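# predicted model follows, preceded by the sequence.
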Amino acid sequence: MKRISLILIMGPAIAMFSCQNLEQKENNSAINKEVSSQSEQENILYKEVMAIHDEVMPLMGDLMAMNKKIKSQDSTSQEATELSIYLEEANESMMNWMRKFNPNIENMTHEETMNYLEEEKKKIMQVREKMLSGHDKASAFLEAEQ
């Protein structure tokens, strides 16, 4: 009789505890998935920013070599002077972006991280456009001079 009473009392208590424990595990699992998803979003955006940087970074050397060539071939024309300034500005825009870019995003909230990386993506896209434009202009100028 004591066993039956014990089972009748303990049975519902164990069932209730198990259900609460299962709910807590499900909640923890959902939170972990959300954190993982946020981390993945941040990682993807960070990689996009760095891919743009890595795409145009090698152009810095090309731009400076072209600029040197332009200056040595034609240092008097207005077009050469303006192009030289443009190439130096394109190079400096990459240098400024690299100096200011902060890859330490661990202490930021997800929202802060995403906002920061979105802004940095816009900035590096502008740098990219300026560098590619400068490269195209310098290539055309040097071809016309030959």
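Structure's in. What do you need?
# output the below-cut-off pLDDT ranges for the chain.
1-35, 74-75 (pLDDT under 70).
# in it, which spans are helices?
All helices of the chain, identified by DSSP state H, fall at 2-56, 59-73, 78-100, 110-145.
# list the helices and strands the last one packs on?
If you count contacts as 3 or more Cβ pairs under 8 Å, 6 or more residues apart in numbering; DSSP states H and E, helix 110-145 packs onto helix 2-56, helix 59-73, helix 78-100. Bear in mind the C-beta positions are built from the backbone N, C-alpha and C, glycine included.
# quick one: stretch 135-146 to chain centroid distance?
Distance of stretch 135-146 from its chain centroid, counting by Cα atoms, centre = their mean, to the nearest Å, is 32 Å.
# give the buried residues for that stretch.
Of the residues in stretch 135-146, His135, Lys137, Ala138, Phe141 count as buried by neighbour count, 16 or more other Cβ atoms under 10 Å.
# so the first one versus Ala90, what's the distance?
So the one you mean is His135. 8 Å (Cβ to Cβ, to the nearest Å).
# overlap in contacts, the two.
Leu63 (Cβ atoms under 8 Å, 6 or more residues apart in numbering).
# check which residues of stretch 49-68 are buried.
So, applying 16+ other Cβ under 10 Å, buried residues of stretch 49-68: Val49, Met50, Ile52, His53, Val56, Leu59, Leu63, Met66, Asn67.
# tell me who's in contact with the first one.
The neighbours of Val49, taking Cβ under 8 Å, 6+ apart as the test, are Leu117, Glu120, Lys121, Ile124.
# could you dump those residues to a markdown table with neighbour count and distance to Thr76?
Output for these, formatted as a markdown table (neighbours: other Cβ atoms under 10 Å; distance: Cβ to Cβ, whole Å):
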| residue | neighbour count | distance to Thr76 |
| --- | --- | --- |
| Leu117 | 22 | 45 |
| Glu120 | 23 | 40 |
| Lys121 | 18 | 40 |
| Ile124 | 23 | 35 |
